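> I would like to see how this sequence folds:
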Amino acid sequence: MNRDEATLAELRRAYERGALLEETVAEDPLVQFERWFEEARAGDVLEPNAMILTTVNELGRPDARTVLLKDVSDGGFVFYTNYNSRKGRDLVGCPYVCLVFLWTSLERQVRIEGLAERVSATESDEYYASRPRGSRLGAWASAQSEPVASREAMERRLAELEARYLDKPVPRPPHWGGYRVTPDAIEFWQGRPNRLHDRLYFQRKGGNWERRRLQP
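A predicted model of the protein is given here:
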């Protein structure tokens, strides 16, 4: 590291862009999420729908990766993936997950805890059909999370599929589709000065949401 650069211990910034107060937050956390998400889309956030998905495998070891939010519907957050991928295998053994949105330019974070379940085949078909043709072929070409001999091997597989489906519709692979994460807890974090950040935690109690403030 350059001597003129700050050390890791010295890297810090002041958070002064906003506040998260009980009198202005929505009573329904899904409504509050939609408010913040639209502000992220309207702002300078790069890929506002990017979220960290954490899972746990059969040994209790956690894993995390970035996926893209593709819908908020029926009270849940939807993403799509290969069911045979590492995340898909994890979800068979433990369907409980955590999602994290980090919008650094807005000094905000949203953390979502909930149950991931597959969406219907119809819903997966509709979204798959909306994807670019190359992405549809890519879902067939990639055995996600499995080893591959080389980049060239994947490209040859894609070329074979392009020839097979030339001038034909590309069907959705049976191993590819969506999950909906139905939340039982959602936490909103807003950076504040002096590290006294705002944290409002919503937890589902029966058919209602209970809110409380957490210390930073």
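
> Could you report the distance from the nearest residue to C94 once chain neighbours are set aside to P95?
Once flanking residues are discounted, C94 sits nearest to V56: 4.8 Å by CB to CB, 6 or more residues apart in numbering. All C-beta atoms are positioned from the backbone trio N, CA, C, and that covers glycine. To P95, V56 is 10 Å away according to CB to CB, to the nearest Å.

> what's the burial count for D125?
14 (other CB atoms under 10 Å).

> And it, what's its pLDDT?
pLDDT for D125: 98.

> Which residue ranges of this structure form strands?
50-56, 62-68, 71-73, 76-82, 96-103, 108-118, 176-190, 198-205, 208-213 (DSSP state E).

> Tell me which residue is most central in the chain.
Nearest to the mean C-alpha position of the chain, by CA atoms, centre = their mean, lies M51 at 3.0 Å.

> That one pairs with what?
V67 (DSSP bridges).

> give the contact list for it.
Neighbouring residues of M51 by CB atoms under 8 Å, 6 or more residues apart in numbering: 66-69, 77, 79, 99-101.

> do the same with Q144
Q144 neighbours (CB under 8 Å, 6+ apart): 81-82, 84-86.

> coming back round to it: mind giving me TSV with the strands of the chain and columns for mean pLDDT?
Below are the strands of the chain laid out as TSV (pLDDT from 0 to 100):
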stretch	mean pLDDT
strand 50-56	98
strand 62-68	98
strand 71-73	96
strand 76-82	98
strand 96-103	98
strand 108-118	98
strand 176-190	98
strand 198-205	97
strand 208-213	97
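
> Redo those strands as JSON lines? Include distance to Y127.
JSON lines is the format used below for the strands of the chain (distance: least, CB to CB, whole Å):
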{"stretch": "strand 50-56", "distance to Y127": "17"}
{"stretch": "strand 62-68", "distance to Y127": "11"}
{"stretch": "strand 71-73", "distance to Y127": "8"}
{"stretch": "strand 76-82", "distance to Y127": "6"}
{"stretch": "strand 96-103", "distance to Y127": "18"}
{"stretch": "strand 108-118", "distance to Y127": "13"}
{"stretch": "strand 176-190", "distance to Y127": "6"}
{"stretch": "strand 198-205", "distance to Y127": "26"}
{"stretch": "strand 208-213", "distance to Y127": "28"}
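
> Of those strands, which is nearest A153?
Minimum separation from A153 across those (CB to CB) falls at strand 76-82, 17.3 Å.

> the inter-axis angle of the closest one versus strand 62-68?
100 degrees (axes from the mean of the first three to the mean of the last three CA atoms, to 10 degrees).

> For strand 76-82, which helices and strands make contact with it?
Applying 3 or more CB pairs under 8 Å, 6 or more residues apart in numbering; DSSP states H and E, we find strand 76-82 packed against strand 50-56, strand 62-68, strand 71-73, helix 86-93, strand 108-118, helix 121-130, strand 176-190.
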